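A.B. asks: quick check, what structure comes out for this input:
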Amino acid sequence: MSLSRIMHRHPVSVTPTTSVRAAAKKMKDERIGSVLVKKNGKFVGIVTDTDMVRKVVALGKDTAKVTVETIMTSPVATIEDTRNVHDAHDMMGDLGVRHLCISKAGEIVGIISVRDLLLYFQQTSEPKISQD
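C.D. replies: Below is the predicted model:
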């Protein structure tokens, strides 16, 4: 199955000057684990809940003062929308990431997470372990 069928087509984004606290609230409200950082109409980075914990909270920094631009990962990892879920799974494993942006002709058109892949594999595979 191609990634275009399981991707989220409208990635949630924030500006580079958004505080980590505001981005975290947006992620909580949207029930997502990452936000893309958008500058001048282009996605320039990604911030995940793990980034927030490791780069801000664990270091005792003020989440209201730290901006997402200072902790974002850039450039974002991308995979073409014509690739399949197994390719995305392999790429996430190789890169050690939990989110991939989906691109079409070089433009980001969506995003998937490991949770999306997990749900896909859960729906399409036969149970191998039975529960008592």
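A.B. asks: what sits against Ala22?
C.D. replies: Contact analysis of Ala22 by C-beta atoms under 8 Å, 6 or more residues apart in numbering lists Val14. (Glycine included, C-beta is placed from N, CA and C.)
A.B. asks: any idea how far it is from Ile32?
C.D. replies: Using C-beta to C-beta, to the nearest Å, Ala22 is found at 14 Å from Ile32.
A.B. asks: show me the shaky parts of the chain.
C.D. replies: Across the chain, the ranges flagged by pLDDT under 70 are 127-132.
A.B. asks: from memory Ala77 sits against Asp94, does it?
C.D. replies: No. Using C-beta atoms under 8 Å, Ala77 is not in contact with Asp94, being 9.7 Å away.
A.B. asks: can you say which helix or strand has Glu117 in it?
C.D. replies: You called it Glu, but residue 117 is Leu. Leu117 belongs to helix 114-124 when assigned by DSSP states H and E.
A.B. asks: for that helix, which outside residues touch it?
C.D. replies: Residues outside helix 114-124 that contact it (C-beta under 8 Å, 6+ apart) are Met1, Ile6, Met7, His8, Gly33, Val85, Ala88, His89, Met92, Arg98, His99.
A.B. asks: centroid residue for this protein?
C.D. replies: Nearest residue to the geometric centre of the chain (C-alpha atoms, centre = their mean): His99, 3.5 Å.
A.B. asks: cool, thanks, talk later.
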